[in-house]
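# Sharing a sequence plus its predicted fold:
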Amino acid sequence: MDLNTALKRIIETGKVNFGSEKTVKNIMNGSAKLVVIASNCPKPIREKVEKYAKVEEIPVVNYPGTALQLGEVCGKPFLIATLSVLDAGSVPLEELK
């Protein structure tokens, strides 16, 4: 399953939070199971999210498209630089790592 299809299914069947502030909060409180970062995520945000995810041992997936493309895949009319997966629903997380 490709990343776009997997993300769509996660959004339909699971629970996801969008945005860097919520992503960091979810990492810190242990509710994030996986983090996705867009290719053009601003460097300070990327470094902060990756640092916290590494400390908490949460996998990070680098989305090959832009924040605009990630937003489109997620069905949102705005840019999404980062998102955190709280519940993958019907998608095994192993397929995304």
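Alright, I've got the coordinates.
# what sits against residue 30?
Neighbouring residues of residue 30 by Cβ atoms under 8 Å, 6 or more residues apart in numbering: residue 56. For glycine as for every other residue, the C-beta is placed from the backbone atoms N, C-alpha and C.
# Check residue 27 too.
Applying Cβ under 8 Å, 6+ apart, the residues near residue 27 are 35, 49, 52-53, 56, 58, 84.
# at 6 Å instead, please
By Cβ atoms under 6 Å, 6 or more residues apart in numbering, residue 27 lies in contact with 52-53, 56, 58.
# Quick one, which of those are buried?
By neighbour count, with 16 or more other Cβ atoms under 10 Å, the contacts of residue 27 hold 52-53, 58 as buried.
# ok so, going back, which one of the contacts of residue 27 sits closest to residue 69?
residue 53 (21.3 Å; Cβ to Cβ).
# what ranges do the helices span in the protein?
In the chain, the helices defined using DSSP state H lie at 3-13, 20-28, 43-56, 67-73.
# The shortest one - what's its average pLDDT?
This points to helix 67-73. The pLDDT scores in helix 67-73 average 97.
# List the buried residues in that helix.
Per 16+ other Cβ under 10 Å, helix 67-73 contains these buried residues: 67, 69-73.
# circling back: so for residue 96, which of the helices of the chain sits nearest?
Once the helices of the chain are compared by Cβ to Cβ, helix 3-13 is nearest, at 5.6 Å.
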